[in-house]
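Novice: below is the sequence, then the predicted model.
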Amino acid sequence: MQWPPVVVRAAAVAVREYLLDNEKIASGGSQSDARAITVRELLRDPSLDLNLEVLQGQDALDNEIRSPRIQKLGMALAGYTGDIHPDRVQILGGSESYYLKSLRLEERNEAILRLKKHNICCILLPRAWRSRRRFFMSPGRRKSRS
């Protein structure tokens with residue numbers, strides 16, 4: 001998987017329903033039998049029609065989604081990363097947003113860098129999350145705004 005992951009702003013409920021209904025990945029039996037779609041396929045599927053907005057990670061569009069389930073990253077940001085499933089679309093919702101905003105910059109960078117070793121395929125930000133900050137760039141590699 002490529003880092004930073006693809007970060008997409010979209011309606012989380014609709015993406016979840018799409019993944020659960022997608023026969024390509026939902027029909028896989030065990031994890032070893034699981035089929036995959038790429039993040040690019042998710043973004044381009046006309047049946048989704050959600051006006052998905054890619055905020056970063058265009059180089060990672062070929063990352064594979066191997067599970068129809070979605071996972072929230074709250075515990076991982078707080079330090080417990082034992083149950084991250086990198087093959088699932090991950091969500092940073094409102095509580096995760098508030099948590100990250102409550103941290104000092106150094107703590108926020110540490111929380112985000114903990115996620116890097118898990119090779120997450122895609123992170124979904126709900127439409128309500130208005131931030132356009134590029135949280136998933138490695139510290140020191142943030143793009144400057146011109």
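Specialist: Yep, it's here.

Novice: go ahead and flag the most central residue of the chain.
Specialist: Centre of the chain computed as the mean C-alpha position; nearest residue by CA atoms, centre = their mean is Ile123, 1.0 Å away.

Novice: just checking, what packs against the helix or strand of the chain with the lowest mean pLDDT?
Specialist: The helix or strand of the chain with the lowest confidence, counting by mean pLDDT, DSSP states H and E, is helix 23-26 at a mean of 70. Helices and strands touching helix 23-26, by 3 or more CB pairs under 8 Å, 6 or more residues apart in numbering; DSSP states H and E, are helix 12-21. Glycine gets a C-beta too; all of them are placed from N, C-alpha and C.

Novice: elements contacting the helix it packs on?
Specialist: Secondary-structure packing of helix 12-21 (3+ CB pairs under 8 Å, 6+ apart): helix 23-26, helix 39-44, strand 70-72, strand 89-91, strand 122-126.

Novice: still on that earlier bit, ok, now how distant is the residue nearest to the centre of the chain from Leu100?
Specialist: Separation of Ile123 from Leu100 (CB to CB, to the nearest Å): 12 Å.
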